[in-house]
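A.B. asks: Pasting the sequence and the predicted model now:
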Amino acid sequence: MKWACKNTLGVYKYTIDIENLLSPVYHLILDLIRERYPNLQFHEWGGEVFDIKKITGQIQVADDVSEESFLVLLSGYLEDYLYEQSNLLENIGVLLLYRTKRFFIAQAKTKMQPLLINWIKKSGIIDNFFELINSLEINNIREPLAKLINDQYFGNSIKITELDLKGSFIPKKIIEKYEELPIDEEAIWLCDNWKTKIGLEETSQYNEVSFPNIDSFGIAMGDWVLPTEYVDHIVKSEYSTEYFWIMLNDVYAHRNNRISKYRDKCSRFANALRETEFANLMTKLRYNLYLSKDDMEKHEEFKEFFEEVYNIERFKKEINHVLFTGSHVAEQVGNKQTMFGLYKTVKDNTEFNLRAWINVETDNSQRLTTSNGEEKVEIKTVYALKPYYSYYFCKDYFEDMFEDMLTESGITSLSNFELYKSDDPKNCFIEIDKMVKKTDGKCEKL
């Protein structure tokens, strides 16, 4: 079964039309300068205005070069300059860029045009353009002209098409058939994180890879290959599980957004739970939430994780809830402070909406007031986990403990993800809490 692509990365085909980018400013500059050279062709005066040697490698403008053909030469020079600044992509979210095929890989769902605009601006390509002009007159208006070149101006020369990245880094050895063609090292750029991930050396060769029966390509780097489409049909059978596990992690699995809101606050609590004495104490929790007063008083060293509260079970059958309120200080007890009130918003035929009040008494008991009168009741104090510890213990602790056990045992696992058969976000085929990769290479859902 082929699962739908849920890769958090995307492949983006792009064009940056440098000629279109330069054209308005270039022609404005020519309009300002051309009047100095009446009745002369561009090749007769262009060398006085532009740094021809830097742009073309020649001393003067060739006779057959016109204003428009020179713009093409100028654009080619500045495009090469832009790609020489590819390292600037490292800090703006691009992971790989392949100039020859005009595609790059970045985080999916990111706004890509601002990303490329940022790269162009940081490269200094416009400054470089003005530095190629030998004209005091133009240099004097350089700053006002540069202000016209804003993000919208850059955006008019950029086009991007998003595609799914249906592959990940896989070892070459697991694929049966493919062909490699060398890539000019200046035509491709790879971020440092990915180089580290696959152990790529500075001397490693980049190759473009073609696969049988796939209208797509991949990039080979060292011992790894990055396909942009599924290559299931050419994976060697003995490596099918290894391939599936890579694809599950990077392509198929849609991670559930279950980020704990309290995990960072509970590191001391989680570490304490590794102690045998505390772990044994926690087995005495009721509802995974509170300890009796007697149990807590025997373990004062762990009291920092708990707080004393009243445990109100009087209405458990009626409202299907156990209620807790904060305990009272002596002054509140002396004033017979209200502890709790219960009001039912839906009218009951046999009772008033106001169901009960509970007040503390000075003799360590409580007074219950209902429509039937008053009575003394005994509501015990217990020690409940503090709010964020209680949520962490119920929601995250056991999952974290199991994850630690697997890690310490050298077992690879994947947690909390969904698999889809199609791109429809409502068409989740299965939700999996934990899948482990067994030592025999097989995968098993827990």
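C.D. replies: Perfect, thanks for sending it.

A.B. asks: For the residue nearest to I214 when sequence neighbours are not counted, give its distance to I198.
C.D. replies: Closest residue in space to I214, ignoring its immediate chain neighbours: E229 at 5.3 Å, by C-beta to C-beta, 6 or more residues apart in numbering. In this view, the C-beta of every residue, glycine as well, is placed from N, C-alpha and C. Noted for E229: a distance of 19 Å to I198, by C-beta to C-beta, to the nearest Å.

A.B. asks: Pull the number of nearby residues for L148.
C.D. replies: 10 (other C-beta atoms under 10 Å).

A.B. asks: cool, and Y391?
C.D. replies: As a burial measure, Y391 scores 18 neighbours (other C-beta under 10 Å).

A.B. asks: per-residue pLDDT, it?
C.D. replies: The model reports Y391 with a pLDDT of 89.

A.B. asks: quick revisit: give the contact list for the residue nearest to I214.
C.D. replies: Going by C-beta atoms under 8 Å, 6 or more residues apart in numbering, E229 touches 166-167, 211, 214-216.

A.B. asks: out of these, which is most surrounded?
C.D. replies: Comparing those on neighbour count, G167 comes out first with 24 neighbours (neighbours: other C-beta under 10 Å).

A.B. asks: Does it touch F217 like I think?
C.D. replies: No: using C-beta atoms under 8 Å, G167 makes no contact with F217, being 10.5 Å away.

A.B. asks: mind checking the end-to-end distance for stretch 300-320?
C.D. replies: In stretch 300-320, first residue to last residue: 32 Å (C-alpha to C-alpha, to the nearest Å).

A.B. asks: low-scoring pLDDT stretches of the stretch 201-350 of the chain, where are they?
C.D. replies: 257-260, 318, 328-336, 348-350 (pLDDT under 70).

A.B. asks: would you list every one of the helices in it?
C.D. replies: Secondary structure of the stretch 201-350 of the chain (DSSP state H, counting those that start in this stretch): helices located at 240-247, 267-272, 276-282, 293-297, 316-319, 330-334.

A.B. asks: mind checking which of those is nearest I411?
C.D. replies: helix 240-247 (12.3 Å; C-beta to C-beta).

A.B. asks: And the contacts of E229, which two are furthest apart?
C.D. replies: It's G167 and D215 that sit farthest apart of the contacts of E229, by C-beta to C-beta, at 13.9 Å.

A.B. asks: Distance from the chain centre to the lengthiest helix in the chain, please.
C.D. replies: Criterion DSSP state H: the longest helix present in the chain is helix 67-84. Averaging C-alpha positions (C-alpha atoms, centre = their mean, to the nearest Å) puts helix 67-84 36 Å from its chain's average.

A.B. asks: Next, the buried residues of it.
C.D. replies: 70-71, 73-75, 77-79, 82 (16 or more other C-beta atoms under 10 Å).

A.B. asks: For whichever helix or strand comes after it, name the packing helices and strands.
C.D. replies: Counting by DSSP states H and E, the element after helix 67-84 in chain order, helix or strand, is strand 94-98. The contact analysis (3 or more C-beta pairs under 8 Å, 6 or more residues apart in numbering; DSSP states H and E) places strand 94-98 against strand 103-107, strand 188-190, helix 192-197.

A.B. asks: who wins for proximity to I133 among these?
C.D. replies: Proximity to I133 (C-beta to C-beta) singles out strand 188-190 among these, at 29.1 Å.

A.B. asks: ok so, going back, export the helices and strands packed on strand 94-98 as JSON lines, with columns for mean neighbour count, mean pLDDT and distance to E418.
C.D. replies: Below are the helices and strands packed on strand 94-98 laid out as JSON lines (neighbours: other C-beta atoms under 10 Å; pLDDT from 0 to 100; distance: least, C-beta to C-beta, whole Å):
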{"stretch": "strand 103-107", "mean neighbour count": "20", "mean pLDDT": "93", "distance to E418": "19"}
{"stretch": "strand 188-190", "mean neighbour count": "22", "mean pLDDT": "93", "distance to E418": "30"}
{"stretch": "helix 192-197", "mean neighbour count": "12", "mean pLDDT": "90", "distance to E418": "25"}
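
A.B. asks: hang on, the earlier thing: roughly how far does the residue nearest to I214 sit from F217?
C.D. replies: 9 Å.

A.B. asks: shared neighbours, these two?
C.D. replies: Joint contacts of E229 and F217 (C-beta under 8 Å, 6+ apart) are F211.

A.B. asks: neighbours around the closest residue to D64 other than its chain neighbours, how many?
C.D. replies: Computed as C-beta to C-beta, 6+ apart, the closest residue to D64 that is not its neighbour in sequence is H43, at 7.4 Å. Residues lying near H43 (other C-beta under 10 Å) number 18.

A.B. asks: Identify the residues contacting H43.
C.D. replies: Contacts for H43 (C-beta under 8 Å, 6+ apart) come out as 60-66.
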